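Asker: got a structure for you, letters missing:
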């Protein structure tokens, strides 16, 4: 099963795009196939399925939204998160990867990175958060933020991309939770 999943990751890796250019190697979004539990991810900035405020996009301050986490399993060693746009014109586009988040973290402040956490390379080719930035005139895109509770630190290199991230979490994910927001830009 693990070999089949890794082949699927490699087979679906494509150059993706979002906004006015910039791409990344895509990887399947969503929870690791071995995740059994659910955790809750919310934001005071928008509801699940709601519109992401401009402040958190490329049209605003381009800072990460505030997040609240609950239901993290007691034996979690580390938390990780992945923010992706599955509606990008050239395939899934990665906006944010973070890992080694302390499992006792209940809140992530807007625009911040949790102390001790590490961030990977987003689809814009930069480390850290890159806010929603769909092409002008497209219907609003979905931005899926998935938080993973893991049984170990993923041990990723600082320039890790989404395929590396998901490979490292495979078989080590105890629970997941998602928060989906929408954002569109007029033509």
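Answerer: Thanks, I have the structure now. In this text, all values refer to a predicted model and were calculated from it rather than measured experimentally. Numbers count the residues shown, from 1 in each chain.

Asker: check the offset of stretch 75-94 from the chain's centre.
Answerer: 3 Å (CA atoms, centre = their mean, to the nearest Å).

Asker: how long is that stretch end to end?
Answerer: 28 Å (CA to CA, to the nearest Å).

Asker: got the buried residues for it?
Answerer: By neighbour count with 16 or more other CB atoms under 10 Å, stretch 75-94 contains the buried residues 76-88, 91-94. All C-beta atoms are positioned from the backbone trio N, CA, C, and that covers glycine.

Asker: the residue at minimal distance from the centre of the chain in helix, strand or coil?
Answerer: In the chain, the residue lying closest to the centroid (CA atoms, centre = their mean) is residue 82, at 1.7 Å. Three-state assignment for residue 82 (DSSP: H, G, I helix; E, B strand; the rest coil): strand.

Asker: ok, then the element right after the helix-or-strand element of the chain with minimal mean pLDDT?
Answerer: Using mean pLDDT, DSSP states H and E, the weakest-scoring helix or strand in the chain turns out to be helix 2-12, at a mean of 34. Once the chain leaves helix 2-12, the next helix or strand it forms, by DSSP states H and E, is strand 37-38.

Asker: before we move on, back to that, let me see the confidence value for the residue nearest to the centre of the chain.
Answerer: We have a pLDDT of 97 for residue 82.

Asker: and the closest residue to it other than its chain neighbours, which of the three is it?
Answerer: Of all residues not flanking residue 82 in the chain, residue 146 sits nearest, at 5.1 Å (CB to CB, 6 or more residues apart in numbering). Classification of residue 146 using three-state DSSP returns strand.
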